[in-house]
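Chemist: No sequence on hand, only this structure:
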C-alpha cells in the first residue's frame with residue numbers, strides 16, 4: 001500500500017499543483033493525505049480546496065484552517081503592540097480574509113475536518129496522521145530536535161507504527177522505541193522555492209519512506225497572491 005503525505009500548504013496553489021504533478025509522475029498513491037494548514041498565507045482559497053477534493057486527498061485540520069488562532073493573535077497584538085510576530089493589521093486581515101474570500105461551504109468544511117486520521121494497513125501496522133500531535137493542534141514539538149521524552153509524552157495516547165505530522169516546515173524521519181516519527185514537511189510558506197512531500201509504502205512486511213522536494217513557479221504564485229490581495233506577514 002502506498003501513501004502520499006504533505007502538509008502546511010498554506011494556500012500555495014502553484015506549489016500544490018507541482019506536488020500533485022510530481023506525485024503522478026512517480027506513479028501516484030493509493031491514499032493521499034494533507035496534514036493540516038491548507039489555507040492562509042498564499043493565493044489559494046476555494047480553488048485550492050476544490051483541487052484537493054478533486055484528487056480525493058484526505059484532509060486533517062490544522063491550526064491555521066479557521067480564524068480562531070488569528071482572532072486570538074489579533075487581540076494579543078491589540079493589547080500588547082510589538083509583542084507578537086506580526087501586527088494587528090495582518091492578523092485582522094487574515095480574519096477578514098476568511099470571511100470575504102472563502103465560501104461558506106469551504107469555511108464549514110475546514111471547521112469540521114478531523115484532527116487525526118488512522119489507517120490500519122495490517123493488524124500490526126497502523127499509520128497515524130495529525131497536524132502537530134494528539135494532544136494539541138498547535139503542539140510545538142514537531143521539530144527534529146525535540147527531546148525524546150517530550151515526544152513520547154505527546155504521543156502516549158496513540159498506538160501506531162508510524163506517526164506522521166507537519167506544523168514545523170522541515171521534513172525528517174526519526175526512529176524512537178521501534179516506531180517511526182516523520183514530519184512530512186510543507187508545500188507552502190517556503191523561502192527556497194521547493195515544495196515538499198513524502199511517499200510512504202508498505203510492501204512485503206516493510207515500510208519504505210521517501211521524502212521529496214519539488215520546485216514550483218514562485219513568480220507565478222507571487223503574482224496570484226498580489227492579484228488576490230492576500231494579507232502578507234510583516235517583513
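Modeler: That came in fine, so what should we check first? In this text, all values refer to a predicted model and were calculated from it rather than measured experimentally.
Chemist: which outside residues touch stretch 92-110?
Modeler: Residues outside stretch 92-110 that contact it (CB atoms under 8 Å, 6 or more residues apart in numbering) are 38-40, 45-46, 49, 61, 65-67, 70-71, 74, 228, 230-231. All C-beta atoms are positioned from the backbone trio N, CA, C, and that covers glycine.
Chemist: switch the cut-off to 10 Å
Modeler: Applying CB atoms under 10 Å, 6 or more residues apart in numbering, the contact partners of stretch 92-110 are 11, 36, 38-41, 45-50, 53, 59, 61-62, 64-71, 73-75, 77-78, 86-87, 228-233.
Chemist: Just the buried residues of it, please?
Modeler: Within stretch 92-110, the residues that count as buried by 16 or more other CB atoms under 10 Å are 92, 93, 94, 95, 97, 98, 101, 102, 106, 107, 109, 110.
Chemist: how about those residues, which pair is most distant?
Modeler: Distance extremes for the buried residues of stretch 92-110: the farthest pair is 92 and 109 at 23.4 Å, using CB to CB.
Chemist: In helices, which of the buried residues of stretch 92-110 appear?
Modeler: Counting by DSSP state H, the buried residues of stretch 92-110 place 92, 93, 94, 95, 97, 98, 101, 106, 107, 109, 110 in helices.
Chemist: Now the third one: closest residue in space that isn't a chain neighbour?
Modeler: The reference is to residue 94. Of all residues not flanking residue 94 in the chain, residue 70 sits nearest, at 4.4 Å (CB to CB, 6 or more residues apart in numbering).
Chemist: isn't there a helix covering the one you found?
Modeler: Yes: Residue 70 forms part of a helix when assessed by DSSP: H, G, I helix; E, B strand; the rest coil.
Chemist: show me the contacts for it.
Modeler: 40, 63-64, 86, 90-98, 231.
Chemist: ok, now with 6 Å
Modeler: Contacts for residue 70 (CB atoms under 6 Å, 6 or more residues apart in numbering) come out as 91, 94, 95.
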